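Need coordinates for the following:
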Amino acid sequence: MDNEHSQDLAQVPIVTALLRGQYVLCQVDGDMKRITLDNLMNSINFGNEELLREVAWGCPIKQSIQSSQNWGMVGNRDLYAQYKSMVGRYLVKNNGKAAKLSVSNSNVYVDGTPLDASIGHVMVKAPRLYLLYKVDAATNIGYLWGSFLPIGGFYIDLCVGAMLGSIVSGKLVSRPGLVPQTSKRIDEFFAAAQANGARFGLVDYDWAVWNVAMNLFEFGNPNIQANIGNGITGTNSGSDYLTPWSWPVGDTMALGDGCSKVDKAWTTSGGVAVTGACHINFFGQEDPICYWHMMQGVYCGNSGNADQDGSEVFIYKGNRLPTSAELATHPAGEFRQITRPTTEGFIKEMILGPKFDIFASVLGGGAGGDSYWGDYQYHNATGQLVLLGGAASNGSYCGLGYVSSINAWSSAYAIIGSRLAYYGEIDVVDGKDIAAA
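So this is what the prediction gives:
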């Protein structure tokens, strides 16, 4: 570069996305060069792991070679820190206007203005995350890579409720101080989400995959209970499924955007004091585990249907629920299909593959949750509704990969709720301006 146009690269503004034909600067044999994103992706996908380690961060997936959950972390951790710093809580209004909440205390906006959560929803927004899963041919160890640069694979955009959903005046909301809603069918939850506007829905299968990936990137260990805390299940919660659903949400508001916990003292309906219980705060998401969540974007086959044998898992595109005809056959429009087990057990291996699918491929991971993935999964050949997270009584079974697919699509129980999601563009304003925006 000539002096007139030269610039200190450390002072150049950071961007979170580029077009395929735009350029990235790189160093080749000591000289500065340019490469288009298309060619960068091709180079990475053809096995240039050295380049991948420069532009991405990752975790070796040792599910097939060791029971220990200390898998480790690899790649560019500085880039990961940049991505993580952009994940956090916002107050999102129904019109798509949003304001960032304080990183360390969600009761105020980042500009110091006090939060009035009644005007919108407290949500966690994450910028686009590109994920690439590759298996090393020499070692047979898989690696999950993440980046905010296009590295191949696929990507996930995320804007989800910071807490379990409650229903106010027929609308599903994400607000502190409210008791979470249960005993609704998934279509009722979805209708309540859409009452906020067409861009609202429920958390989907991508949300589940993002959570599993970010837990690995943050800790290098798949067991969130070992990484942060047991959750409200504690270590001895017994058979008390219902009590935690009576608590107002929002105990983690003062924790902000981090991965941490706040202790929760409680006693079961049978009078047993629960030990080691806490509310999990996972990148600003309160209690993604130990509460069952209904999810859209995914459903299973039913062996009672003529066109299904019950092993199918259908993952489809769009902010919608499947029709009755789709439930009996397959989704309309764009979808893909994987296979689920029809039994239950601790996860030894997940399917993973090009979309990093978190359904189990091999069960028998060992009791206690302290080996392999550390989570449990329930499956049969007839249930179509997919749930995530676990219940208060499930103890070490719970986790970000704790999937259940044993319930009918029409199920509605007092131990199952859901979480709001937003599937549109966000227009960020200052906290002092959000009320009028």
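
Helix, strand, or coil at Arg89?
Three-state assignment for Arg89 (DSSP: H, G, I helix; E, B strand; the rest coil): strand.

what's the neighbour count on it?
By other Cβ atoms under 10 Å, the residues close to Arg89 number 29. Placement of C-beta: from N, CA and C, glycine included.

What segments of the stretch 101-250 of the chain are strands?
With strands called from DSSP state E, counting those that start in this stretch, the stretch 101-250 of the chain shows them at 121-135, 142-147, 154-161, 166-168, 171-173, 200-202.

so which of those gets nearest Leu388?
strand 200-202 (11.2 Å; Cβ to Cβ).

Can you name every helix or strand that that closest one contacts?
helix 186-194, strand 420-422 (3 or more Cβ pairs under 8 Å, 6 or more residues apart in numbering; DSSP states H and E).

Let me know the next secondary structure element after the helix or strand bottoming out on mean pLDDT in the chain.
Using mean pLDDT, DSSP states H and E, helix 37-45 stands out as the lowest-scoring helix or strand of the chain, at a mean of 65. Next helix or strand after helix 37-45 toward the C-terminus (DSSP states H and E): helix 49-55.

Correct me if wrong: Met86 contacts Leu129.
No - Met86 lies out of contact with Leu129 (Cβ atoms under 8 Å); the separation is 10.0 Å.

Name the residues contacting each of these two.
Shared contacts of Met86 and Leu129 (Cβ atoms under 8 Å, 6 or more residues apart in numbering): Phe148.

what about Tyr378, how many residues close to it?
17.

ranges for the helices of this protein?
37-45, 49-55, 77-85, 186-194, 205-219, 224-227, 324-328 (DSSP state H).

Output the ones you listed in a markdown table, with mean neighbour count and distance to Ser371 appended to each entry.
What follows is the helices of the chain, written out as a markdown table (neighbours: other Cβ atoms under 10 Å; distance: least, Cβ to Cβ, whole Å):
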| stretch | mean neighbour count | distance to Ser371 |
| --- | --- | --- |
| helix 37-45 | 17 | 32 |
| helix 49-55 | 16 | 28 |
| helix 77-85 | 15 | 26 |
| helix 186-194 | 21 | 33 |
| helix 205-219 | 23 | 16 |
| helix 224-227 | 23 | 11 |
| helix 324-328 | 14 | 36 |
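
can you put those in JSON lines and add distance to Ile315?
Converted to JSON lines, these look like this (distance: least, Cβ to Cβ, whole Å):
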{"stretch": "helix 37-45", "distance to Ile315": "22"}
{"stretch": "helix 49-55", "distance to Ile315": "26"}
{"stretch": "helix 77-85", "distance to Ile315": "24"}
{"stretch": "helix 186-194", "distance to Ile315": "16"}
{"stretch": "helix 205-219", "distance to Ile315": "5"}
{"stretch": "helix 224-227", "distance to Ile315": "23"}
{"stretch": "helix 324-328", "distance to Ile315": "13"}
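
Any idea which of the ones you listed gets closest to Ser393?
Closest to Ser393 of the helices of the chain is helix 224-227 (Cβ to Cβ; 14.4 Å).

Surely Val108 and Leu115 touch.
Yes - taking Cβ under 8 Å as the definition, Val108 is a contact partner of Leu115 at 5.9 Å.

which neighbours do these two share?
Common neighbours of Val108 and Leu115 (Cβ under 8 Å, 6+ apart) are 101, 431.

Among the strands of the stretch 101-250 of the chain, which comes closest to Ile61?
strand 142-147 (4.1 Å).

Name the residues that touch the closest one?
52, 55-61, 63, 74-75, 79-80, 83, 129-136, 151, 153, 213, 216-217, 352, 356.

Identify each buried residue in stretch 273-285, please.
For stretch 273-285, a neighbour-count test (16 or more other Cβ atoms under 10 Å) marks 274, 277-285 as buried.

hmm, I was thinking of stretch 361-370
361, 363, 365, 369-370.

Can I get the residues you listed in CSV including distance to Asp430?
As requested, the buried residues of stretch 361-370 are arranged in CSV below (distance: Cβ to Cβ, whole Å):
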residue, distance to Asp430
Ser361, 48
Leu363, 50
Gly365, 48
Gly369, 44
Asp370, 46
